[in-house]
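turn this into a structure:
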Amino acid sequence: MRADELAARTREFLSAYDPATDFLRARFDAGLAWVHYPRGLGGLDLPRALQPVVDEVLAAAGAPDNDPLRITVGLGMAAPTILRHGTDEQRRRWLRPLWTGEELWCQLFSEPGAGSDLASLTTRAVRHGDDWLVSGQKVWTSTAHEARWAILLARTDPAAPKHDGLTFFACDMTAPGVDVRPLRQLTGEAEFNEVFLDEVRIPDADRIGGIGQGWQVARTTLMNERVAIGGAPVPREHGMIGIVARAWRERPSVRTAGARDELMRLWVAAEAARLSARRLGEQLAAGQPGAEGSAVKYAFALLNQEISGFGLELLGEEGLRYDDWTMRRPPAVDWALRTPGYRYLRARANSIEGGTSEILCNIIAERVLGLPREVTG
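Residues are numbered from 1 along each chain as shown. Predicted structure coming up:
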């Protein structure tokens, strides 16, 4: 199908849409949710590169979207994992409410003693008939306080090498034994949570992939996570650099020759990162994400921290004001509507979440540049 034919199909869908039905469900059923997914699962078996054609037609018509920022864990991490490793029944059961936002997803991977070395996790899943009983603790879990489902990595074979004894599950966050507690951050808010699992019963039907194959499944999740965090296509001067550039244009009093040089350096770096992310998107259109997503995410974290620091310095005393330290549990991060102080503090987490920058550098060195593995001991 050509781009013009897909645009015409989208306009036809809009003209035939029944306002008495739910728009997002109808869009999914019409195959216009993510066009590169299979028919019947929100797609049309088309190239990923054609998705913007649909999005532009619907945006021009003022059609509602699925609030992608709010459901980014589901869209960017759970969905591609379910599509690649899930059963037909699991795809039919989870993908539609995931995409429409009716069911939020979170990610139960990191633990207090297993962050960068995720494969050393100790959360246990013990077989009990047709179910698994899961016990352990997870940490840094975004949206766990609102989520209906979680993608969960647990150890099912303690005797196996650490990468081989893991299994991947979908966990019902409303099940008995799930205890979600907020983690207050440097910003004063609690986007993240720690989650305690006390013999949580998970049906074997909710296992994604084979027993002991959890690490292979999790790699799909992790590669897509890094793309979701730092690799989404955006317009020029989007995000942090746009906020700082706007402050420069609107406030002549802050302009100095040194500040101008630093702003231009950061602007060029942000544009290079944006174009790299766009190139990654083109690679995604041709297949699965690779290790290059780690480089894009690494650049995203480094730039956000540098730009937010520059924005703070640019405003002088005004930049030191902090708007609100009230304990809140926001569903998503919104940089644009917050103060420079918030942006500076929140950006500190960018080099930790979605894979620490140190681990990403190792991945880039070994899998992108082909350098030898680091030898320790």
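
break the chain down into its domains, please.
3-100, 105-212, 231-368 (automatic domain parsing).

ok, which of those domains comes nearest E374?
Closest to E374 of the domains of the chain is domain 231-368 (C-beta to C-beta; 6.7 Å). Backbone N, C-alpha and C define where each C-beta goes, glycine included.

quick check: buried residues in stretch 18-35?
23-24, 27-28, 30-35 (16 or more other C-beta atoms under 10 Å).

which of the residues you listed lies closest to L312?
The closest of these to L312 turns out to be W34 (C-beta to C-beta; 37.9 Å).

how much space separates G74 from G258?
As judged by C-beta to C-beta, to the nearest Å, G74 and G258 stand 44 Å apart.

R201 now?
Separation of R201 from G258 (C-beta to C-beta): 61 Å.

if you count surrounding residues, which of these two has more?
Between R201 and G258, counted using other C-beta atoms under 10 Å, R201 has the larger neighbour count: 15 against 8.

chain neighbours aside, what residue packs nearest to V57?
Excluding its sequence neighbours, the residue lying closest to V57 (C-beta to C-beta, 6 or more residues apart in numbering) is T10, at 4.3 Å.

for the protein, which spans come out with low pLDDT?
For the chain, the stretches with pLDDT under 70 are 225-233, 281-292, 375-377.

would you map the strands across the chain?
In the chain, the strands defined using DSSP state E lie at 105-108, 124-128, 131-138, 149-155, 166-172, 178-183, 192-203.

now C106: how far from W149?
Using C-beta to C-beta, C106 is found at 8 Å from W149.

intersection of neighbour lists for the two?
Common contact partners of C106 and W149 (C-beta atoms under 8 Å, 6 or more residues apart in numbering): M173.

the more surrounded of those two?
Set C106 next to W149 and count neighbours by other C-beta under 10 Å: C106 wins out with 28 against 21.

not counting sequence-adjacent ones, nearest residue to that one?
Nearest non-adjacent residue to C106, counting by C-beta to C-beta, 6+ apart: A147, 3.9 Å away.

one more: A301?
Closest residue to A301 apart from its sequence neighbours, by C-beta to C-beta, 6+ apart: N350 at 3.8 Å.

pretty sure the one you found sits against F300.
Yes: here N350 reaches F300: they are 6.7 Å apart, a contact under C-beta atoms under 8 Å.

show me which of these two is the more surrounded one.
Legend: neighbour count by other C-beta under 10 Å for N350 and F300, higher for F300 (25 against 22).

how much space between that one and T339?
21 Å.

repeat for A33
Per C-beta to C-beta, A33 is found 36 Å from T339.

what's the answer for R124, then?
According to C-beta to C-beta, R124 and T339 sit 43 Å apart.

same thing with A349?
17 Å.

tell me which stretches of the protein form helices.
3-16, 23-29, 51-60, 72-73, 79-85, 88-100, 214-230, 240-250, 257-286, 292-314, 340-347, 357-363 (DSSP state H).
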